[in-house]
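Enquirer: next one to model:
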Amino acid sequence: MGPDSCNRYGSIFEQLRSELGYADYLGALQKHRLTLLHNPRLLMVSSFLVDYPFVDRLYPKSLDVIAHLRQLGPIVILSDGDVVFSPRKVRDYGTLSKVVC
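Expert: This is a model prediction of the structure:
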């Protein structure tokens, strides 16, 4: 999308994060879209964000730690409240019991 577009998105993202108290990647993209109404590459960015393989970005051995902790009791994730990505992350990890937003 280019450096100018990237910087504009970053500014919108940080403004929303400050207002909402959580990271709203898609909300920032929606606002950014208003300045790029006729740019079809924005649809690719949206798909990239929604389909991003967060599970590939886990800390090393984190699933081993969760598996060990699961033997001690239920596992809970405390989330910042993102209603799109948090449930997808839990679904994709497949080892967690509950999400609390």
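Enquirer: for residue 12, the count of nearby residues, please.
Expert: 20 (other C-beta atoms under 10 Å). (Each C-beta comes from the backbone N, C-alpha and C, glycine too.)
Enquirer: nope, residue 59 is what I meant
Expert: Residue 59, neighbours per other C-beta under 10 Å, totals 7.
Enquirer: would you quantify the distance from it to residue 70?
Expert: For residue 59, the distance to residue 70 equals 17 Å [C-beta to C-beta, to the nearest Å].
Enquirer: for this structure, what spans make up the helices?
Expert: 3-20, 25-33, 41-50, 62-70, 85-93 (DSSP state H).
Enquirer: quick one: pLDDT of the residue nearest to the spatial centre of the chain?
Expert: Centroid-nearest residue in the chain: residue 85, 4.5 Å away (criterion: C-alpha atoms, centre = their mean). Looking at residue 85, its pLDDT is 74.
Enquirer: contact partners for it?
Expert: 25, 54 (C-beta atoms under 8 Å, 6 or more residues apart in numbering).
Enquirer: how near is it to residue 40?
Expert: In terms of C-beta to C-beta, residue 85 sits 24 Å off from residue 40.
Enquirer: is it true that residue 23 touches residue 10?
Expert: No. In terms of C-beta atoms under 8 Å, residue 23 does not count as a neighbour of residue 10; the distance is 12.0 Å.
Enquirer: and these two? Which one has more around it.
Expert: Taking other C-beta under 10 Å, residue 23 and residue 10 do not tie; residue 23 has more neighbours (16 against 12).
Enquirer: tell me how far that one lies from residue 15.
Expert: 12 Å.
Enquirer: please apply the same query to residue 28.
Expert: Taken as C-beta to C-beta, the span from residue 28 to residue 15 is 8 Å.
Enquirer: neighbour count for the two, which is higher?
Expert: The residue with more neighbours, out of residue 28 and residue 15, is residue 28; 21 against 12, by other C-beta under 10 Å.
Enquirer: quick check, pLDDT for the more buried one.
Expert: 90.
Enquirer: quick check, it in contact with residue 20.
Expert: No. Between residue 28 and residue 20 there is no contact under C-beta under 8 Å: 10.1 Å.
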